[in-house]
Structure formats: C-alpha cells, structure tokens
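S.K.: What would the 3D arrangement of this be:
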Amino acid sequence: MFANSKQNMPDYFYNMSFQEIAACVHNVVDVGCVVKVLEKRQIVRERKTQYVKREKEVLMRIDHPFFVKLHFTFQDEDRLCIFYHHS
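M.R.: Next up, the predicted model:
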C-alpha cells in the first residue's frame with residue numbers, strides 16, 4: 001500500500017493515541033496522499049464517533065484550495081483509513 005524510495009514504510013507526520021498520519025503514494029494511480037489511520041476501538045472508547053463521521057461528511061462537501069481534498073476512505077475490522085489528496 002505504501003511506496004517509499006528507501007523503504008516500504010510511510011513517513012510519519014503525527015501519532016496520537018488513536019490515530020496516525022503519514023505521507024504515502026498510491027501504487028496504482030501514482031498519486032501523492034496523506035493517510036490518517038484511526039483505531040475504531042479507541043474512537044468508541046473516547047466517544048468520538050460523531051466527530052469522525054462529521055469530519056468525513058464535511059470533507060466530502062468542501063471544494064476549496066485552502067482545504068485538503070478527501071481522496072477515499074476504507075475500513076477493516078480494527079481501523080478506519082482516510083486518504084487525503086496531497087499535491
């Protein structure tokens with residue numbers, strides 16, 4: 001999933017208790033992205049579900065040069081992944 005010239009690991013920008021943010025390149029379409037990986041268990045424990053949903057809804061609607069653009073999202077059993085367009 002992540003492509004990096006020196007290693008196959010992302011460049012981490014930020015790491016909190018329930019999320020990590022990293023720069024990556026989508027291998028199929030060769031687009032620069034920033035991925036935010038959120039731990040579902042921690043989101044529920046801290047009662048932040050509504051804020052995560054709101055973030056996705058807002059970013060899906062916004063089309064402005066000063067805001068990041070939502071590229072796509074997906075989830076597995078344990079994590080939510082939100083990909084933002086990185087130019």
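S.K.: next one: phi and psi at residue 62?
M.R.: Here is the backbone geometry of residue 62 (degrees, to the nearest 10): phi -80, psi 130.
S.K.: give the contact list for it.
M.R.: residue 69 (C-beta atoms under 8 Å, 6 or more residues apart in numbering). In this view, the C-beta of every residue, glycine as well, is placed from N, C-alpha and C.
S.K.: ranges for the helices of this structure?
M.R.: 40-45, 49-61 (DSSP state H).
S.K.: low-confidence ranges in the protein?
M.R.: 1-19, 25-31, 86-87 (pLDDT under 70).
S.K.: just the strands in it please.
M.R.: For the chain, the strands defined by DSSP state E occupy 11-15, 19-26, 31-39, 70-75, 79-85.
S.K.: Now render those as JSON lines, adding mean neighbour count.
M.R.: As requested, the strands of the chain are exported to JSON lines (neighbours: other C-beta atoms under 10 Å):
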{"stretch": "strand 11-15", "mean neighbour count": "11"}
{"stretch": "strand 19-26", "mean neighbour count": "17"}
{"stretch": "strand 31-39", "mean neighbour count": "18"}
{"stretch": "strand 70-75", "mean neighbour count": "14"}
{"stretch": "strand 79-85", "mean neighbour count": "18"}
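S.K.: and those as JSON lines, adding distance to residue 59?
M.R.: Output for the strands of the chain, formatted as JSON lines (distance: least, C-beta to C-beta, whole Å):
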{"stretch": "strand 11-15", "distance to residue 59": "17"}
{"stretch": "strand 19-26", "distance to residue 59": "14"}
{"stretch": "strand 31-39", "distance to residue 59": "11"}
{"stretch": "strand 70-75", "distance to residue 59": "4"}
{"stretch": "strand 79-85", "distance to residue 59": "8"}
